[in-house]
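**Student:** from the sequence below, what's the structure:
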Amino acid sequence: NPLISNTETSGRKHSNWLNMIYPRLKLARNLFKDDGVIFVSIDDNEVANLRKLCDEIFGEDNFVGEITIQSNPRGSQSSNFFATVDEYLLCYGKNIQNLSK
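**Tutor:** Sure, this is the predicted structure:
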């Protein structure tokens with residue numbers, strides 16, 4: 001049943017991931033120069049959540065772009081409906097006004 005918590009992790013898998021990644025991204029942002037950028041790679045399961053997290057840390061205005069990378073041309077067979085072939089690379093800048101084109 002998909003509505004029941006994951007008993008192996010007591011339903012804390014996602015919150016553990018957020019508690020691990022949030023301070024690292026926050027620290028990375030603080031270490032950037034004003035024209036610094038970060039690229040974060042993630043699969044399709046968490047790309048939407050990572051985008052929200054990065055929007056909070058870096059600001060929605062500092063979103064540079066999203067790159068789709070074909071990681072497995074044959075596709076991962078772990079999905080029930082579609083074979084996943086892509087990963088996503090999110091790019092954020094500390095201050096997008098300082099980036100040159």
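**Student:** CA atoms for contacts and neighbours, from now on please.
**Tutor:** OK.
**Student:** how many neighbouring residues does residue 90 have?
**Tutor:** Neighbourhood size, residue 90 [other C-alpha atoms under 10 Å]: 19.
**Student:** name the helix or strand for it, please.
**Tutor:** Applying DSSP states H and E as the criterion places residue 90 in strand 86-93.
**Student:** return the list of strands paired to that strand, each annotated with direction.
**Tutor:** Sheet pairing here is set by DSSP bridges, and for strand 86-93 it gives strand 37-43 (antiparallel), strand 63-70 (antiparallel).
**Student:** export the ones you listed to a markdown table and append columns for mean pLDDT and distance to residue 93.
**Tutor:** Output for the strands paired with strand 86-93, formatted as a markdown table (pLDDT from 0 to 100; distance: least, C-alpha to C-alpha, whole Å):
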| stretch | mean pLDDT | distance to residue 93 |
| --- | --- | --- |
| strand 37-43 | 92 | 4 |
| strand 63-70 | 92 | 7 |
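**Student:** distance to residue 85 and mean neighbour count for the ones you listed - can I get that in TSV?
**Tutor:** Shown next, in TSV, are these (distance: least, C-alpha to C-alpha, whole Å; neighbours: other C-alpha atoms under 10 Å):
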stretch	distance to residue 85	mean neighbour count
strand 37-43	9	16
strand 63-70	6	14
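**Student:** so how far is residue 28 from the residue nearest in space to the middle of the chain?
**Tutor:** Nearest residue to the geometric centre of the chain (C-alpha atoms, centre = their mean): residue 50, 3.4 Å. Distance of residue 50 to residue 28, computed by C-alpha to C-alpha, to the nearest Å: 15 Å.
**Student:** for the protein, what spans make up the helices?
**Tutor:** Secondary structure of the chain (DSSP state H): helices at 13-31, 47-58.
**Student:** quick one: mean pLDDT for stretch 90-101?
**Tutor:** Stretch 90-101 shows a mean pLDDT of 88.
**Student:** so what touches it?
**Tutor:** 29, 32-41, 51, 54, 58, 61-67 (C-alpha atoms under 8 Å, 6 or more residues apart in numbering).
**Student:** alright, calling it a day.
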